[in-house]
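1. quick one, structure for this:
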Amino acid sequence: MNIIFVRHCEPDYEIDSLTPRGWEEAKFLARRVNSWNVDDFYVSPLGRAQDTARVCLDLRKENGKDHDVVTLPWLKEFYYNLKEPSTGEDLMCWDLLPSYFNGNKDLHDKDKWCDTPLMRSGDIRHEYEHVTGEFDKLLGKYGYIRQSDGTYKVTSHSDKNIVMFCHFGVTSLLVGHLTGIAPTCLWQGFFMPTSSVTVVGSEERVPGITSFRVQFFGDTAHLSSNNEKVSSSGYFGEVLTL
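-> Purely as a prediction, here's the structure:
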């Protein structure tokens with residue numbers, strides 16, 4: 001099974017849609033998505049993800065590949081405010097200053113990050129468990145049941161490819177959930193460009209037991225192949241385009 005996460009194209013947050021550049025990104029992305037063998041499509045309820053998905057699915061429909069797409073409310077951006085314990089300053093859970101993140105080692109721990117004073121200020125554990133719980137229910141429908149050690153029991157092997165049009169924060173959270181990495185480490189240490197593609201695949205090295213592994217993260221081949229620069233939206237500097 002392959003889970004293909006697609007981040008929405010460059011956003012206009014004020015209107016929860018896409019910028020002119022974002023619409024251009026969507027055209028290049030749509031050509032890429034059109035070439036894929038996909039079984040099911042899912043999308044966040046937020047406008048920027050809905051618009052990105054619509055461009056991609058409209059092109060597939062024009063090419064005789066009509067698909068239903070399911071909107072999942074819990075696939076929205078993981079957008080929760082926190083309070084810095086010592087100052088009361090408002091912080092976003094996936095946007096911490098490096099000095100704060102690096103100085104609080106429990107934030108790096110997959111078992112402890114949720115229970116740090118910072119994360120407790122926003123009841124992040126409740127939201128995290130809701131999103132990952134709904135995600136695991138979805139995987140259960142494909143025959144993968146999560147175990148206490150983080151692996152998945154295979155009740156019915158699946159070779160399906162599913163696509164999720166969503167956001168940086170929630171994708172990083174789910175990738176961390178699948179791979180046993182604290183999402184804070186992905187939020188702070190990885191950049192996921194707009195319109196980029198992240199693929200996580202299942203590996204059944206022991207019969208009946210699956211773990212998931214990242215095949216690639218934040219890939220923008222559809223932009224570079226069209227001589228389109230990668231947007232720096234969400235990055236504090238210029239992004240190198242190769």
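2. in stretch 18-26, what's buried?
-> 18, 19, 21, 22, 23, 24, 25, 26 (16 or more other CB atoms under 10 Å). No exception for glycine: its C-beta is placed from N, CA and C like everyone else's.
3. chain center to it, what's the gap?
-> 19 Å (CA atoms, centre = their mean, to the nearest Å).
4. pull the residues that contact it.
-> The contact list for stretch 18-26 (CB atoms under 8 Å, 6 or more residues apart in numbering) reads 8-12, 48, 51-52, 55-56, 194-195, 223, 228, 231.
5. sorry, back to before: just the buried residues of stretch 18-26: which are in helices?
-> Per DSSP state H, helices hold the following members of the buried residues of stretch 18-26: 21, 22, 23, 24, 25, 26.
6. would you turn the residues you listed into CSV with distance to residue 136?
-> Output for those, formatted as CSV (distance: CB to CB, whole Å):
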residue, distance to residue 136
21, 36
22, 31
23, 34
24, 36
25, 31
26, 30
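7. type out the PyMOL command that picks the buried ones from the contacts of stretch 18-26.
-> To isolate the buried members of the contacts of stretch 18-26 in PyMOL, using 16+ other CB under 10 Å:
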select buried, resi 8+9+10+11+12+48+51+52+55+56+194+195+223+228+231
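8. returning to that earlier point: ok, so of the buried residues of stretch 18-26, who is nearest residue 242?
-> residue 25 (16.9 Å; CB to CB).
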